[in-house]
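Asker: Need a 3D model of the following:
(one chain, ligands or ions: 2)
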Amino acid sequence: MKYTEQLIIYQKKIQIMNKKTFAVDIDGTITENGGGRIHLDALESLRRLTNMGHDVIYVTGRSSVEAYLLSVFGGTKKIAVGENGGCIAMDADDHILLGNIEECNKAFELIKNSIDGVEKKPVFPRLTEVVLERTFDLDDARKILSEHDLDVNLSDSQYAIHINSKGIDKGTGFTELMNKFNIMKDDVIAIGDSATDVPLFKVAKTSIALGNASDLVRSEATMTVSASSGDGVLEALDKLAPKLSEI
Ligand SMILES: O=C(O)COP(=O)(O)O
Ligand SMILES: [Mg+2]
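Answerer: Ligands and ions are numbered 1, 2, ... in the order given. I've put the predicted structure just below:
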């Protein structure tokens, strides 16, 4: 065997030994600042991580179909946790539903009838949650829900307000994948920008909050960067690169 072939095999072994799973949010994280368009350099760096042997998995408040398609066309692992943790796309025709949309619809009707300006956000169809425009105060809605016996959670991703079944969040959704694929917390690196990412931070050994995250969200991460959204992802990966074999 040629020396270079041996070297490649050795490098692959090292990479696999230190294989990491990156759990990556979409909006406000791999987008351009202030817009919903994908930050191409950030996407390229995620594809590079994938080519190095790491897994990059989107964990998002978007539909799992949107995230799954992004993984297919963007060249990362073809699995996605969507609907804020309520729905996992294992494959194009294999979706695991963790949340119960009936309960979320009941909660929607209740807050819509009690608070002015509560509207559904036009989004791709959901199987487990209800997505609303950010036009009302979350605490007002939580108060109303607490007076009724509804098993739901409200959260704000900075892009939308989500009604999910109680116990469903990005952390529990991603944990489902960790259990399925034997992924250890020590090998998980989470990257995100909003309150909906905090439960994901908690199941990762390394968690990174971007410059556009609130102080509260930043205080929940093990690492912060100053640049926002896609630029922040590049900053984070630059910081991590020398340590990827140790963390
Ligand atoms: O809430 C959304 O629609 C987008 O959220 P994300 O930041 O989790 O991708
Ligand atoms: Mg986000």
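Asker: Count the neighbours of the residue in the chain positioned nearest to ligand 1 for me.
Answerer: Nearest to ligand 1, among the residues of the chain, is Gly61, at 2.7 Å (Cβ to the nearest ligand atom). Every residue, glycine included, has its C-beta placed from N, CA and C. When neighbours are defined as other Cβ atoms under 10 Å, Gly61 has 30 of them.
Asker: Please apply the same query to Gly171.
Answerer: Neighbour tally, Gly171, other Cβ under 10 Å: 21.
Asker: out of everything not next to it in sequence, what's closest to it?
Answerer: In this structure, Gly171 finds its nearest non-sequential neighbour in Pro199, 3.1 Å apart by Cβ to Cβ, 6 or more residues apart in numbering.
Asker: Where does that neighbour sit: helix, strand or coil?
Answerer: Classification of Pro199 by DSSP: H, G, I helix; E, B strand; the rest coil places it in helix.
Asker: you'd agree it is up against Thr172?
Answerer: Yes: using Cβ atoms under 8 Å, Pro199 is in contact with Thr172, at 7.1 Å.
Asker: Can you check which residues contact both of those two?
Answerer: Residues touching both Pro199 and Thr172 (Cβ atoms under 8 Å, 6 or more residues apart in numbering): Gly85.
Asker: which one of the two has more residues nearby?
Answerer: The neighbour count for Pro199 versus Thr172, taken as other Cβ under 10 Å, is higher for Pro199 (24 against 20).
Asker: List the residues that contact the more buried one.
Answerer: 85, 169-172.
Asker: Export those residues as TSV, with columns for pLDDT and secondary structure.
Answerer: Shown next, in TSV, are the contacts of Pro199 (pLDDT from 0 to 100; DSSP: H, G, I helix; E, B strand; the rest coil):
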residue	pLDDT	secondary structure
Gly85	98	helix
Asp169	98	coil
Lys170	98	helix
Gly171	98	helix
Thr172	98	helix
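Asker: and which of these is nearest Tyr159?
Answerer: Distance to Tyr159 across the contacts of Pro199 (Cβ to Cβ) is lowest for Lys170, with 13.6 Å.
Asker: Can you get me a residue count around the closest one?
Answerer: Counted with other Cβ under 10 Å, Lys170 comes out at 32.
Asker: Repeat that for Leu145.
Answerer: By other Cβ under 10 Å, 20 other residues sit near Leu145.
Asker: Okay, and the beta partners of the residue positioned nearest the centre of the chain?
Answerer: Geometric centre of the chain, nearest residue: Val59, 2.6 Å, by Cα atoms, centre = their mean. Val59 has these beta-bridge partners by DSSP bridges: Val81.
Asker: Spell out which residues make up each domain of the chain.
Answerer: 19-97+168-243, 101-165 (automatic domain parsing).
Asker: Now the last one: average pLDDT?
Answerer: Regarding domain 101-165, the rounded mean pLDDT is 95.
Asker: Give me the three-state assignment for Ala107.
Answerer: helix.
Asker: Now for the closest residue to it other than its chain neighbours: which residues touch it?
Answerer: The shortest distance from Ala107 to any non-neighbouring residue, by Cβ to Cβ, 6+ apart, is to Val152 (4.4 Å). Residues near Val152 by Cβ under 8 Å, 6+ apart: 103-104, 107, 145, 163-166.
Asker: Same check on Ser45?
Answerer: Counting by Cβ under 8 Å, 6+ apart, Ser45 makes contact with 233-234, 237.
Asker: Residues of this structure that sit close to ligand 1?
Answerer: Proximity of the chain to ligand 1 (Cβ under 6 Å from any ligand atom) is limited to residues 25-28, 60-62, 157, 159-160, 194, 196.
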